[in-house]
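Engineer: Next input, structure requested:
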Amino acid sequence: MTHTTLPFLKGHGTENDFVIVPDPDNAVELPPTAVAALCDRRAGIGADGVLHVVRSAAHPEAAHLADEAEWFMDYRNSDGSVAEMCGNGVRVFARYLHHAGHVEPGDFAVATRGGVKQVHLAKTGDVTVSMGSALLPEGEVTVSVGERSWPARNVNMGNPHAVAFVESLDDAGDLYSPPPFSPASAYPTGVNVEFVVDRGPRHVAMRVHERGSGETRSCGTGACAVAVAAIRRDGADPAVTGEPVSYTVDLPGGTLVITEHPDGRIDMTGPAVIVASGEFEADWLTETAFA
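Structural biologist: So this is what the prediction gives:
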């Protein structure tokens, strides 16, 4: 009788946690049910998402990026759905690549469905990811919790966000289910919703409902979207002032620093930690995924 196991690691970035599945040759099949099983916090390993680590050349969605980035972050939400990007995930992905000996500290690229991201990995401490530029679609958006509604800023960081400034983070409610938004045409595939309060000059705090995962302890692209919305609200657009601006963003799981440059580039800096490694039973995953 063959006993087969597959390696995994567990990591987090500001408590946004991930199961890491090393699979350089793209040989491990991960249907949505398998991803959901791995992320189950009672019957699986438990995580907000899965970082499937594949060489770009070995993955059909990333092969065209292989000349720019050796490694592809095949990211999945905890419900098994595919996501374009995950900012905290990129930092943890980068930390794993170093942990596994694939990269040295310094600058390198990571391919994602949201494009190639440039990463700076410090020898100790934080990881900085160049998140690209934000898109700010036109049109008014509203998000709701119960009978209350707020105007929201539509920000796209390679994935869609609705940023609402509120008086208290308690206004976000329990965030178990996706906050309703309107108009429906603004986000045809759903949206990540951020509720934001001010903490001080260029300092905000947020809670987030991540599309496909529910409330999470942190959301990197969400923190970037929040900073962009706050920068515009505060009249500090670097494209206008000619000066980069940094905002500190507090999340339930920690703190990120978001910097927007005059050319539109957005850098996100924060911690990334590998906390454990082990093996899961391949038979369990197969039985769970294809039951």
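Engineer: excluding its backbone neighbours, what's nearest Glu279?
Structural biologist: Excluding its sequence neighbours, the residue lying closest to Glu279 (Cβ to Cβ, 6 or more residues apart in numbering) is Thr5, at 3.8 Å. All C-beta atoms are positioned from the backbone trio N, CA, C, and that covers glycine.
Engineer: right, and the one you found touches Phe280 too?
Structural biologist: Yes. The criterion here is Cβ atoms under 8 Å, and Thr5 meets it with Phe280 at 6.6 Å.
Engineer: Would you mind telling me which of the two has more residues around it?
Structural biologist: Phe280 (17 against 13; other Cβ atoms under 10 Å).
Engineer: Point me to the helix or strand that includes that one.
Structural biologist: Here Phe280, judged by DSSP states H and E, is contained in strand 273-281.
Engineer: Show me which residues of that strand are buried.
Structural biologist: For strand 273-281, the neighbour count (16 or more other Cβ atoms under 10 Å) marks 274, 280 as buried.
Engineer: That strand pairs with which strands, parallel or anti?
Structural biologist: Strand pairing for strand 273-281, determined by DSSP bridges: strand 5-13 (antiparallel).
Engineer: All the strands of the stretch 101-250 of the chain, in order from the start?
Structural biologist: Under the criterion DSSP state E, counting those that start in this stretch, the stretch 101-250 of the chain contains strands at 106-112, 115-121, 127-130, 141-145, 148-156, 160-165, 181-182, 192-200, 203-210, 214-215, 245-251.
Engineer: want to try TSV for these, with mean neighbour count as columns?
Structural biologist: Shown next, in TSV, are the strands of the stretch 101-250 of the chain (neighbours: other Cβ atoms under 10 Å):
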stretch	mean neighbour count
strand 106-112	19
strand 115-121	19
strand 127-130	22
strand 141-145	19
strand 148-156	19
strand 160-165	25
strand 181-182	17
strand 192-200	21
strand 203-210	24
strand 214-215	18
strand 245-251	21
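Engineer: In JSON lines, list those along with distance to His52 and mean pLDDT.
Structural biologist: Converted to JSON lines, the strands of the stretch 101-250 of the chain look like this (distance: least, Cβ to Cβ, whole Å; pLDDT from 0 to 100):
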{"stretch": "strand 106-112", "distance to His52": "11", "mean pLDDT": "97"}
{"stretch": "strand 115-121", "distance to His52": "16", "mean pLDDT": "95"}
{"stretch": "strand 127-130", "distance to His52": "18", "mean pLDDT": "96"}
{"stretch": "strand 141-145", "distance to His52": "31", "mean pLDDT": "98"}
{"stretch": "strand 148-156", "distance to His52": "24", "mean pLDDT": "98"}
{"stretch": "strand 160-165", "distance to His52": "22", "mean pLDDT": "97"}
{"stretch": "strand 181-182", "distance to His52": "29", "mean pLDDT": "98"}
{"stretch": "strand 192-200", "distance to His52": "20", "mean pLDDT": "98"}
{"stretch": "strand 203-210", "distance to His52": "18", "mean pLDDT": "97"}
{"stretch": "strand 214-215", "distance to His52": "21", "mean pLDDT": "92"}
{"stretch": "strand 245-251", "distance to His52": "24", "mean pLDDT": "98"}
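Engineer: For the residue nearest to Glu279, report the pLDDT, please.
Structural biologist: Per-residue pLDDT puts Thr5 at 93.
Engineer: Same check on the one 5 residues further on?
Structural biologist: If you check Lys10, the pLDDT there is 98.
Engineer: Show me what it bridges to in the sheet.
Structural biologist: On the basis of DSSP bridges, Lys10 is bridged to Val19, Ala276.
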